[in-house]
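Enquirer: Need a 3D model of the following:
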Amino acid sequence: MIKKQIEIQIPNGLEARPVALLVQVASQYESDIFIEHGDKSVNAKSIMGMMSLGLTTGEKVTIIADGSDEEAAIKDLEKYLTSE
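Expert: As a prediction, this is how the structure comes out:
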């Protein structure tokens with residue numbers, strides 16, 4: 001299992017379209033992937049779960065990946081969430 005804290009740098013935060021793209025990135029991996037923010041942890045492969053976090057630019061989240069391709073999953077999710 002890998003955990004990594006990152007700061008969201010997507011210009012308008014995680015609105016509907018960016019969340020859908022995030023879920024697409026996460027769904028490419030077999031690993032279990034979760035995003036933690038505050039006291040909430042949601043499955044990164046769930047559009048409704050991710051929307052429920054209401055994340056905005058500048059907020060810090062922790063990405064957790066557990067599985068055979070966890071390193072690649074963390075790397076790609078970090079790349080997506082920190083793209084400007």
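
Enquirer: where does L53 land on pLDDT?
Expert: On the pLDDT scale, L53 is placed at 95.

Enquirer: Skip the chain neighbours and tell me the closest residue to it.
Expert: Once flanking residues are discounted, L53 sits nearest to H37: 5.2 Å by C-beta to C-beta, 6 or more residues apart in numbering. Bear in mind the C-beta positions are built from the backbone N, C-alpha and C, glycine included.

Enquirer: which residues does that neighbour contact?
Expert: Residues counted as contacts of H37 (C-beta atoms under 8 Å, 6 or more residues apart in numbering) are 53, 55, 59-62.

Enquirer: Please tabulate the residues you listed in JSON lines, including the columns distance to S31, neighbour count and secondary structure.
Expert: Shown next, in JSON lines, are these (distance: C-beta to C-beta, whole Å; neighbours: other C-beta atoms under 10 Å; DSSP: H, G, I helix; E, B strand; the rest coil):
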{"residue": "L53", "distance to S31": "19", "neighbour count": "19", "secondary structure": "helix"}
{"residue": "L55", "distance to S31": "21", "neighbour count": "22", "secondary structure": "coil"}
{"residue": "E59", "distance to S31": "23", "neighbour count": "15", "secondary structure": "coil"}
{"residue": "K60", "distance to S31": "21", "neighbour count": "12", "secondary structure": "strand"}
{"residue": "V61", "distance to S31": "17", "neighbour count": "22", "secondary structure": "strand"}
{"residue": "T62", "distance to S31": "15", "neighbour count": "13", "secondary structure": "strand"}
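
Enquirer: Need those in CSV (columns: distance to N12).
Expert: What follows is the contacts of H37, written out as CSV (distance: C-beta to C-beta, whole Å):
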residue, distance to N12
L53, 15
L55, 11
E59, 13
K60, 17
V61, 16
T62, 21
